[in-house]
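Engineer: Sequence first, then the predicted structure:
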Amino acid sequence: MAALGRAAYFALAALIASTPAETTQVTPIQKVLQLMNDMVVKATAQKNDEAVKYSAFNQWCGDTTRIKNDEINAGNEKIDMLKATIEKAAALIRELTDRINELAEDVGRWNTDTKSATDVRNKEAADFQATTQDYTESLFALDQAIAVLKKQSHDRTQAELVQSLLQVRSQRMVPSSTKLALTAFLQETQPDVEAMPDDQLFIKAPEANAYEFQSGGVVDMLVKLQDKFKAQKMDLEREELTAQQAFEQIAQQLADNIENAEHEISKKTTLRAETEQKKAEAEGDLAETIKERDDDQQYLDDMTAMCQLKAANFEGRQQLRADELAAIKEAISIIGSQAVAGSGEKHLPTLVQGASSLVQLRGGEVSPLQSRIAAFLAERARLSGSRLLSQVSQQVAENPFGKVKKMIKDLISKLMEEATSETEHKGWCDTELTTNKMTRDKKADEVNTLTNEIEDLTAEIAQLTQDIADLTKAVEELDAKMAEATQNRNDGKATNEATIADSKAGQTAVESAMAVLKDFYAKSAQATVLSQQSPADDAPETFDKPYTGMLPEGGNVVDFLEVILSDFVRLESETAAAEAQMQAEFEKLMFDSKKDKALKENDAKHKAEKKTDQEGALQSAQEELKLTQDGLDKANAYYEKLKPTCVDSGISYEERVKQREAEIQSLQEALKILSGTDVDLN
C-alpha cells in the first residue's frame, strides 16, 4: 500500500510539475498533514470494511457449528443404535450356540441310548432264540418219549424205550427231579441198564418185548412236563413280543427325538450364520460411522479454535485500528498547532508547485489544470476500463472549477457508500453461498466418491493383477523421489540460510537509521499471523495477515526507511517461513513416502484377498448414490435461486471492488491536485 502511495505521489508530482503556472510554496509539514488526513479516511474505511467481513464470518461460524453439532448428534444416535444391534445379535448368537450345543449333547445321548437299547434287544433276542430252541427240542423229546411209553410192551423194544427216555433226560430244560425219576424208572424197569460214570445208561441185555406196561406214572409225569413246557414257551414268546414292541417304541421315540433335534440344529445353525453376518455388517457400519463422527468432531474443534482465534484477533485489530486513528488524529493536532506548523513555515524548506493551475478561472473559461485533470482521469479510465472515470473526466472539463472539487468529493462519498452496501450484501451472499457450497461440495464429493467407488468396484477385480505390478513400480519411483527430494532439500537449505543472513545484516543497517519510530508502530509490528485451520477454506473471507497499522505514507524519509526495513523483515520472515515450510514439506514427503511405500508393499500382498469383498459393496453403493444425488439436486436448486442476486451480476465482486478502489484512488489523487492550489474553492 505504501509503494502504491509513493507511485501515485510521484505521478501527481510529475503532472503538477508539467503544468505551466505561477509558483507557491508548500511546506513538508503541510504535505504530512495532507497525508495523515488521507490516512484517517483510509483507516476508517478499512476498519468498517473489516467489521463487515468479520460479521459475515461470525455468522458462518454460528451456522456451521449448528450444522456440525446436528451431524455429530445424528452420528452418536446411529452409533448407539448400531451398538444395540450388535449387542442384541451377540446375545442371540450366544443363545443359539447354547441351544445348538444342548441339542448336540442330547443327540449324542440319544444315539448312545439307541445303541444300548439295540444291544440289549439283540442279546434278549439271542437268549429268546436259544431258549425257544431248547423248549422246542425238549417238547420234541417229550413227544417221542410219551409216544414210546404209550405203546404196548410188545410193540416197543427196550432200546427204543431207553433211547427216548435218555433223549428226554438229556434236555437242558428238564428239571433234575424229572431226570432222577427217569433214571430210577429205567433202572427199575430195565435191570440190565446200568448207570455209566457220566450218568448215562448203558444197555447190557439184548432187546426184549417181555416187559409189562408199567409206565403210567412216568407218562403222566412227562405229559405234565410237556404241558408245563408248552405254557412256558408261550409265556416266553409273549414276553419276547412285548419286549420287541417296547424296543421298537423306544427306538422310534429316540429316532424321532434325534430327527427333530437335528432339524432344529440345522435351523438354528442357519439363523446363527445369518445373525453373525448381520452382526459383522453392523460392526462395519459402526466403524464407518465412528470415523465420520470423529471427522465431523475434528472439523468442529478446528473450526471452533479458528473462530475463537479470529474473534480475539478481530477485537485486537479493531482496538489497534481505533488506537491508530486516535494516534493519527493526535498527531494531526500536534503537527497542525502553532508550535509545529508555525515553526515549519519559518524554518522548513518548501515544495515548489504550480499555483496558477489551482486558480479558479473566471468568465467560464476552463483552466489548463482542469484540462490536465480531465486528461489524467480519462487516461485512468482507459487503463482501468471505468465508465465512471470517463464520465467524470468529461464533467471536469465541462463544469465550472468550483463545482469540480465538490463533484469529486460527492463521487468519492457515494462510491464509499456503495462499497459499504455491497460489502454487507456480499456478506449475506457469502454466508448463504458458503453454506450452500459446503452442502453442494460435500454432496458432490459424495456423489463423485460413490460413482468412482461403483466404477472401481466394477473394474477392480480384473485390475488386481496389474495393480501389483504398478505398486512395485510405484515403490521404485518413491525410492527415486525420496533421493531427489533429499538432494533438493540440502541445496535449498543452504540457499535459504545465506538469504536469511543477508536479510539480517540489511535489517541491522536500516534499524540503525530509524531511532525515531513511533511507539505505536513498534508495538503493532509485533502482531501475530493468524494460524490457518483446516476449515479455513470453507470460511468466508475475513483477514489472514496481521494488522500492523498503516505505515506512514508519502515521500518522507521515515516512509522509505520503513519500507526498506519491512522489505528486509519480510525477506527474512518469508525466507525463514519458506525454509520451515520446505523442511516440513520435506519431512512430510519423506514420512508420507515411506508410509506410502510400506502401504504399497503391504497392499501388493493383500490384493489377491480383496476380490470377494468388493461384490457385496456394489449394491449398497448404488442405493446410497441415489439418496446422495437427491440431496445434491436440492442443493443445486437452491443455488440457482441465489445466482441472480449473488453470482450472475456481470463482473465478480473482487473486480468491482478493485475497479471502485481504482476509481476512488484516481478521484482522490485528482482531489489532491486541486487541494494543492491557493485558490479558495469553498
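Structural biologist: Nice, thanks for sending it over.
Engineer: okay, CA-based contacts and neighbour counts for the rest of this
Structural biologist: OK.
Engineer: Give the next helix or strand downstream of the longest helix along the chain.
Structural biologist: In the chain, assigned by DSSP state H, the helix with the most residues is helix 28-150. Moving toward the C-terminus from helix 28-150, the next helix or strand (DSSP states H and E) is helix 158-169.
Engineer: For that following helix, name the packing helices and strands.
Structural biologist: Where contact means 3 or more Cα pairs under 8 Å, 6 or more residues apart in numbering; DSSP states H and E, helix 158-169 is packed against helix 28-150, helix 176-189.
Engineer: Compare those helices and give me the one nearest Val162.
Structural biologist: Nearest of those to Val162, taken as Cα to Cα: helix 176-189 at 7.1 Å.
Engineer: Can you give me the buried ones in that closest one?
Structural biologist: Neighbour counts over helix 176-189 (16 or more other Cα atoms under 10 Å) mark 178-179, 182-183, 185-186 as buried.
Engineer: Equivalent analysis for stretch 254-264, please.
Structural biologist: Neighbour-count burial for stretch 254-264 [16+ other Cα under 10 Å]: 254-255, 257-258, 261-262.
Engineer: I'd like to know the average pLDDT value across that stretch.
Structural biologist: In this model, stretch 254-264 has a mean pLDDT of 94.
Engineer: Repeat that for stretch 591-604.
Structural biologist: Computed over stretch 591-604, the average pLDDT equals 79.
Engineer: circling back: which pair in the buried residues of helix 176-189 spans the largest distance?
Structural biologist: Thr178 and Leu186 (12.2 Å).
Engineer: Is Met173 in a helix, a strand, or coil?
Structural biologist: coil (DSSP: H, G, I helix; E, B strand; the rest coil).
Engineer: quick one, phi/psi of it?
Structural biologist: phi -80, psi -20 (degrees, to the nearest 10).
Engineer: dump the residue contacts of it.
Structural biologist: Neighbour list for Met173: 134-135, 138 [criterion: Cα atoms under 8 Å, 6 or more residues apart in numbering].
Engineer: could you pull out the helices for the stretch 351-500 of the chain?
Structural biologist: Secondary structure of the stretch 351-500 of the chain (DSSP state H, counting those that start in this stretch): helices at 368-384, 387-398, 401-511.
Engineer: and those helices as JSON lines, adding mean pLDDT and mean neighbour count?
Structural biologist: JSON lines is the format used below for the helices of the stretch 351-500 of the chain (pLDDT from 0 to 100; neighbours: other Cα atoms under 10 Å):
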{"stretch": "helix 368-384", "mean pLDDT": "72", "mean neighbour count": "20"}
{"stretch": "helix 387-398", "mean pLDDT": "70", "mean neighbour count": "19"}
{"stretch": "helix 401-511", "mean pLDDT": "78", "mean neighbour count": "16"}
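Engineer: okay if I get those as CSV plus distance to Lys607?
Structural biologist: Shown next, in CSV, are these (distance: least, Cα to Cα, whole Å):
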stretch, distance to Lys607
helix 368-384, 60
helix 387-398, 65
helix 401-511, 6
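Engineer: Next SSE downstream of the helix or strand harbouring Lys641?
Structural biologist: Using DSSP H and E, Lys641 maps to helix 611-646. Once helix 611-646 ends, the next helix or strand along the chain (criterion: DSSP H and E) is helix 653-675.
Engineer: Restricting to C-alpha, output that next one in CSV.
Structural biologist: Below are the C-alpha coordinates for helix 653-675, written out as CSV (Å, rounded to 0.1, in the frame of the first residue of the first chain):
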residue,chain,number,x,y,z
TYR,A,653,-17.2,-8.8,-6.5
GLU,A,654,-13.4,-8.6,-6.4
GLU,A,655,-13.3,-6.9,-9.8
ARG,A,656,-16.0,-4.4,-8.8
VAL,A,657,-14.1,-3.7,-5.5
LYS,A,658,-10.8,-3.3,-7.4
GLN,A,659,-12.4,-1.1,-10.0
ARG,A,660,-14.2,1.0,-7.4
GLU,A,661,-10.9,1.4,-5.3
ALA,A,662,-9.1,2.4,-8.5
GLU,A,663,-11.9,5.0,-9.2
ILE,A,664,-11.7,6.3,-5.6
GLN,A,665,-7.9,6.5,-5.7
SER,A,666,-8.0,8.3,-9.0
LEU,A,667,-10.6,10.7,-7.7
GLN,A,668,-8.6,11.3,-4.5
GLU,A,669,-5.5,11.9,-6.5
ALA,A,670,-7.3,14.4,-8.7
LEU,A,671,-8.6,16.0,-5.5
LYS,A,672,-5.1,16.2,-4.1
ILE,A,673,-4.1,18.1,-7.3
LEU,A,674,-6.9,20.5,-6.7
SER,A,675,-6.0,20.9,-3.0
